[in-house]
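# Here is my input, please return the structure:
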Amino acid sequence: MPETFTIHYFATASQYTSKNTESLPAPLKLSALFGELEQRYPGIAPKVLSTCGVSLNGEYVDIEEDAETVIQAGSEVAIIPPQEPSSSATINRHCK
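Okay, here's the model as predicted:
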């Protein structure tokens with residue numbers, strides 16, 4: 001059985017994928033995550049991911065600064081859209 005990690009989708013990300021969670025193959029570099037999601041859900045990167053926050057095992061990560069971080073089997077990733085306009089500047093630094 002292939003190794004996987006769990007990705008959790010919230011708000012618009014959940015609506016776009018029609019899923020709350022799914023398993024993706026591990027290991028996967030954080031820098032490849034948005035590409036993998038775009039391949040599975042065409043249009044998700046510009047429509048949803050461009051304004052999201054991303055957490056890995058409960059900690060926010062910066063897609064650019066933490067690009068070489070490897071998502072390991074058993075990890076949990078969350079795609080978290082901003083909750084209010086004033087938070088978007090803070091959240092955007094965590095996204096591509």
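
# how about the helices of this protein, start to end?
12-17, 30-40, 44-47, 88-92 (DSSP state H).

# Of all these, which one comes closest to Gln72?
helix 30-40 (11.1 Å; C-beta to C-beta). The way it works is simple: take the backbone N, C-alpha and C, and place the C-beta from them, glycine included.

# any idea how far the residue nearest to Gly43 when sequence neighbours are not counted is from Phe5?
Spatial nearest neighbour of Gly43, chain neighbours left out: Tyr16 (8.0 Å); criterion: C-beta to C-beta, 6 or more residues apart in numbering. To Phe5, Tyr16 is 19 Å away according to C-beta to C-beta, to the nearest Å.

# what's the answer for Thr21, then?
11 Å.

# Same check on Lys19?
15 Å.

# Touching, Ala73 and Pro27? I think so.
Yes. Using C-beta atoms under 8 Å, Ala73 makes contact with Pro27 at a distance of 6.9 Å.

# any shared contact partners between these two?
Glu3 (C-beta atoms under 8 Å, 6 or more residues apart in numbering).

# now the one residue sitting closest to the centre of the chain, nearest residue through space, not along the chain?
When C-alpha atoms, centre = their mean is applied to the chain, the residue found nearest the centroid is Ile79 (4.1 Å). Closest residue to Ile79 apart from its sequence neighbours, by C-beta to C-beta, 6+ apart: Ala13 at 4.2 Å.
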